[in-house]
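Trainee: Starting from these lines, generate the structure:
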Amino acid sequence: MHKARSIITWAFVSLCVIALITLPVNLQTQLIASIVVVAVMAIIKGLKAEGTWRLIALAFGTSIVLRYVYWRTTSTLPPINQPENFIPGLLLYLAEMYSVAMLALSLFIVATPLPPRPSRASKEERFPHVDVFVPSYNEDSHLLANTLAAAKAMDYPAERLHVWLLDDGGTLQKRNSNKLLEAQAAAARHNELKKLCEDLGVRYLTRDRNEHAKAGNLNNGMKHSSGELIAVFDADHAPARDFLLETVGYFDDDPKLFLVQTPHFFINPDPLERNLRTFERMPSENEMFYGIIQRGLDKWNAAFFCGSAAVLSRRALESQGGFSGISITEDCETALALHGSGWNSIYVDKPLIAGLQPATFASFIGQRSRWAQGMMQILRFRFPLLKRGLTLPQRLCYMSSTLFWLFPFPRTIFLFAPLFYLFFDLEIFTASGGEFLAYTLAYMLVNLMMQNYLYGSFRWPWISELYEYVQTVHLLPAVVSVMLNPRKPTFKVTAKDESIAVSRLSEISRPFFVIFAVQLIALVVTIFRIYAEPYKADVTLVVGGWNIINLIMAGCALGVVSERGERAASRRVRVNRRCEFGVNGKWHTASIEDVSVHGARLHVFNKQLDPMVIGAEGEIRFQPHSGASIETLPLIVRNIQPSGEILAVGCQYSPKNALDHRLIADLMFANSDQWTQFQQARRHNPGLIRGTIWFLGLSLYQTSRGLVYLFRSMRPERERQSQVAKAGYR
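Mentor: As a prediction, this is how the structure comes out:
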């Protein structure tokens, strides 16, 4: 009876919604309704009302979106007997419908995400054996030493913690390669990492052949280990001390749990953040996914494995034959298979690892291309909507995650659609200026407001659009390629710990300047057509306004591909730890102000400190987070700056043994609270109006900076080097 009543209620509501969407109204009424909805949404947002009020605001926004879809479908498509108008018009319509579908999926997933789970660090009673896998391919030994040392130092019973370096760069296949230099490099790496693992007390494992990329490497690790749980960390993902305490306990709560995933937190900016200088004050791109979307997926038992910073059940993995390897995104594919077999997942929204992002724009695009191609392979080979064993919400969640990577297609269409009218006078959108105002403008504004509701302080206005635009230019051919040949893509390791010594244009920046120039010409054409064809001025103004939005986005992208040089080789993290600084056989009271993976900055409190020379050897002694006795770490003095009664001393680590690497990891990675504090400091919502004004200012500045870099790159090499030397790092 209750079920029948629910069906009747849903049917009635659906009929009411359909009636509202299809209700014939004149243009003035539609415009008034749009203004009222925007005003109501703005009032609810301004009052910071949550819970039911948040859903009411989203429902109002949805009504405008659905009205737009109905109007767009029934009234705006060009006649089919005009193929020159109809074909591009249909492509634009499909691109818009894709955007609406993705908005609908986003509403389903993140309208009411789960709140962050409370800490479990003090509730652990049982300590299962845990194998920690650190897969590696070509990463530097110092980078690996820090990650392995941090993993070994996790707060967990030592006899139940087994850390493995899974080295795919020193396989027998590589050491016996016909290419002599490659074979020698692999053999040297094999010996170096084997010695490193012995010093750190971790286990070194390689294999005969490089088969099935990262998934094959992880499965080889499973064959040689036996721990009940498996923790996976990328080579550049160093865990905090409390990682296992915050995660392993969940497996006791649910015998069908296969995954506890935690966020990927990065201590360095991605190329967009670095070149636009937003890293310190704006949430990173990945925070939208890890701060909101994963919590939304978790609500529907669809949080998926992200390749690192996770703990998995060996029993669950063995039930499916280990890690899946058909696609090059083995993480999501593995989670899809296990969810389809009835296993559960959990997402813990607390940064417990610190990793590195690609520093150059080219590496960033390479990483995103791999993600996009892998998700397309999953869509092709595993098609989540029809995957047996998944619940309906899980199907929708996985479809959202895979379909998202089709964004290069609609982004390309949105980029070039105004040009069809401005350059070729094609009428691909049949509407008057008034209809654009009442329907399209209202839809765009409501769409932005709904995104602001959904993601708030995790994503500032227009930033998602910028990220998608800068990726679209190079991801489009990558996605097309995998669609035509889904088995062609191969796993490529993302470059780690890069740095850019000199400011320069990215090697893949040329298409962005070409697109910007075309849109600039389109702006001139817009002005000309307004004066030459005043009877079409309303439509020309609308299309020209659309092109200006694209121009603003394209101009900002010029700054993204203009790579800023960096003096520091690695990102520094602020800390505040007491220590003693030793030099020339004397010890002085000091504090550690900031640290990086390569060095630290000290404040020494002693005006009578003996004179030091750059390159002098020194030491610091401090108490590790583990509570162990005070330890000493050797340093080399790199710079000295007197400041009143304090002497600021910049130092480079000079590790001599495995213990030194553990101390470096303790300084840099042990305390997870510092990552949470850093994230919270960046999370504030500027609002739609202030955020838009800020983005306009950002775009104007980055456009000019990009053009300066372009003109500088055109100068003769000798003159360019002279200018760089004078300008320094901007």
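Trainee: Name the residues of stretch 509-519 that are buried.
Mentor: 509, 512-513, 515-516, 518-519 (16 or more other C-beta atoms under 10 Å). Yep, even glycine has a C-beta here, placed from its N, CA and C like the rest.
Trainee: where do the helices sit along the stretch 151-300 of the chain?
Mentor: Here the stretch 151-300 of the chain has its helices, by DSSP state H, counting those that start in this stretch, at 172-175, 180-200, 213-223, 250-253, 271-276, 285-288, 294-299.
Trainee: Distance to I413 and mean neighbour count for those helices - can I get that in a markdown table?
Mentor: Converted to a markdown table, these look like this (distance: least, C-beta to C-beta, whole Å; neighbours: other C-beta atoms under 10 Å):
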| stretch | distance to I413 | mean neighbour count |
| --- | --- | --- |
| helix 172-175 | 44 | 18 |
| helix 180-200 | 44 | 16 |
| helix 213-223 | 33 | 21 |
| helix 250-253 | 44 | 16 |
| helix 271-276 | 23 | 23 |
| helix 285-288 | 23 | 20 |
| helix 294-299 | 28 | 23 |
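Trainee: of all the ones you listed, which lies closest to G565?
Mentor: helix 271-276 (10.4 Å; C-beta to C-beta).
Trainee: who does I346 bridge with?
Mentor: V260 (DSSP bridges).
Trainee: so what's it scoring on pLDDT?
Mentor: Note for I346: predicted pLDDT of 96.
Trainee: isn't it right up against F258?
Mentor: No: using C-beta atoms under 8 Å, I346 is not in contact with F258, being 9.5 Å away.
Trainee: what about these two, which has more around it?
Mentor: Counted by other C-beta atoms under 10 Å, I346 and F258 do not tie: F258 has more neighbours, with 27 against 21.
Trainee: hmm, back to that, so which of the buried residues of stretch 509-519 sit within helices?
Mentor: Applying DSSP state H to the buried residues of stretch 509-519, the entries found in helices are 512-513, 515-516, 518-519.
Trainee: with those in mind, which one is nearest to F279?
Mentor: Nearest member of those to F279, counting by C-beta to C-beta, is F512, at 21.2 Å.
Trainee: so how far is L700 from that closest one?
Mentor: F512 sits 16 Å away from L700, taking C-beta to C-beta, to the nearest Å as the criterion.
Trainee: that older thread, can I get the ones in helices among the buried residues of stretch 509-519 in a markdown table including pLDDT and distance to L336?
Mentor: A markdown table is the format used below for those (pLDDT from 0 to 100; distance: C-beta to C-beta, whole Å):
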| residue | pLDDT | distance to L336 |
| --- | --- | --- |
| F512 | 96 | 35 |
| F513 | 96 | 40 |
| I515 | 96 | 36 |
| F516 | 96 | 39 |
| V518 | 96 | 40 |
| Q519 | 95 | 40 |
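Trainee: want to try CSV for the residues you listed, with distance to E330 as columns?
Mentor: Listed next are these as CSV, based on distance: C-beta to C-beta, whole Å:
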residue, distance to E330
F512, 32
F513, 37
I515, 34
F516, 38
V518, 40
Q519, 39
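Trainee: From these, pick the one nearest F233.
Mentor: F233 has its nearest neighbour among these in F512, at 34.7 Å by C-beta to C-beta.
Trainee: re the thing from before, and of the helices of the stretch 151-300 of the chain, who's closest to L90?
Mentor: Nearest of the helices of the stretch 151-300 of the chain to L90, taken as C-beta to C-beta: helix 285-288 at 31.2 Å.
Trainee: Need the contact partners of the closest one.
Mentor: 263-264, 266, 270, 272-273, 455, 458-459, 463-464, 467, 679, 682-683 (C-beta atoms under 8 Å, 6 or more residues apart in numbering).
Trainee: Mark which of those are buried, thanks.
Mentor: 263-264, 266, 270, 272-273, 455, 458-459, 463, 467, 679, 682.
Trainee: And the helices in the stretch 451-600 of the chain?
Mentor: So, for the stretch 451-600 of the chain - with DSSP H, counting those that start in this stretch - the helices run 463-484, 510-532, 537-560.
Trainee: looking at those helices, which is buried most?
Mentor: Burial of those is given as mean neighbour count (mean count of other C-beta atoms under 10 Å); helix 537-560 ranks first at a mean of 21.
Trainee: Now do that one, average pLDDT.
Mentor: Averaged across helix 537-560, pLDDT comes to 92.
Trainee: Does that helix pack against any helices or strands, and if so which?
Mentor: Applying 3 or more C-beta pairs under 8 Å, 6 or more residues apart in numbering; DSSP states H and E, one finds that helix 537-560 makes contact with helix 271-276, helix 408-424, helix 433-435, helix 463-484, helix 510-532, helix 688-714.
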